[in-house]
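1. kindly return the folded structure for what I paste below:
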Amino acid sequence: MKRRWFRPIILLIILFVALYYYRKQNALMVNNFDVSTATFKEVEDIIKADGTIVSQNQVTLNFIMPGKLTYLGVKKGDSVTKYERLASVDAKELETALTASYYQYIALEAKAKEVEDSVKNHDKDESFTQATARKSAQTARDMAYDA
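-> Numbering: from 1, shown residues only. Coordinates of the predicted model:
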C-alpha cells in the first residue's frame, strides 16, 4: 500500500518542478529589456541649407487716394511687424477731396431742407412733382453723406 501513493507523489513533484522551470523561463523572456532613467537635456540641432526663402504671406499695399509717396519706411528684405507703418501718401489731395465732399454735402442738405419746407403741410395734397423733387433732394443729400 505504501507503493500506491509513491507514484502519484513522484508525479506531482515532477509536475511542480517542471511548472517552476517553465514559469522561470517565461519570466526571463518577459523581463528581457534594459532599464534606464530618463533625463532632461537640451536638444541642439543645426541645419545648414542653401536656397531662397519664399514668404507664404504677401501683401499688396493700397492707398485711399492716388498721390505722391512721401514716406517709405522699409526697403526690400526688411522684416515688418503687424501695424508697422510702411509708407504714406501726400495727404493734401485727400484733405482737398474731403473738404470738397463736405461742402457738397452742406449744399445738398440746404437744398433738401428747402424742398422739404416747400412741401410742408402738404402731406395729404402733395403733388407728384413735389414728391419727386423732395425724394430727389433727399436722395442726393444721403448719397453725398455716404460718399
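2. how is the chain partitioned into domains?
-> 1-29, 91-146 (automatic domain parsing).
3. and the lowest-mean-pLDDT helix or strand in the chain, how far out from the chain's middle?
-> Lowest on mean pLDDT, DSSP states H and E among the helices and strands of the chain sits helix 2-30, with a mean of 77. Relative to the centre of its chain, helix 2-30 is centred 71 Å away, using C-alpha atoms, centre = their mean, to the nearest Å.
4. same thing with stretch 110-129?
-> 52 Å.
5. surely residue 71 is in a helix?
-> No. Assessed with DSSP: H, G, I helix; E, B strand; the rest coil, residue 71 is strand; it does not lie in a helix.
6. how many residues are close by it?
-> Counted by other C-beta atoms under 10 Å, the residues lying close to residue 71 total 10. Heads up, the C-betas are built off the backbone N, CA and C, glycines and all.
7. just to revisit the earlier point, return the most buried member of the domains of the chain.
-> domain 91-146 (a mean of 13; mean count of other C-beta atoms under 10 Å).
8. now do that domain, average pLDDT.
-> For domain 91-146, mean pLDDT is 82.
9. start to end distance for it?
-> End-to-end span of domain 91-146 (C-alpha to C-alpha, to the nearest Å): 21 Å.
10. can you check stretch 115-128 too?
-> Termini of stretch 115-128 sit 13 Å apart (C-alpha to C-alpha).
11. what does that stretch contact?
-> If you take C-beta atoms under 8 Å, 6 or more residues apart in numbering as the criterion, stretch 115-128 is touched by 130-131, 133-134, 137-138.
12. for residue 57, which three-state class applies?
-> With three-state DSSP as the criterion, residue 57 reads coil.
13. what do you get for the one 10 residues further on?
-> The assignment at residue 67 comes out as coil when based on three-state DSSP.
14. give me the number of residues near it?
-> 14.
15. please shift the residue numbers so they start at 874 in all later answers.
-> Got it, first residue is 874 now, which makes that one residue 940.
16. correct me, but it touches residue 963?
-> Yes. Counting by C-beta atoms under 8 Å, residue 940 touches residue 963, with 4.7 Å between them.
17. leaving out chain neighbours, which residue sits closest to residue 936?
-> residue 962 (4.8 Å; C-beta to C-beta, 6 or more residues apart in numbering).
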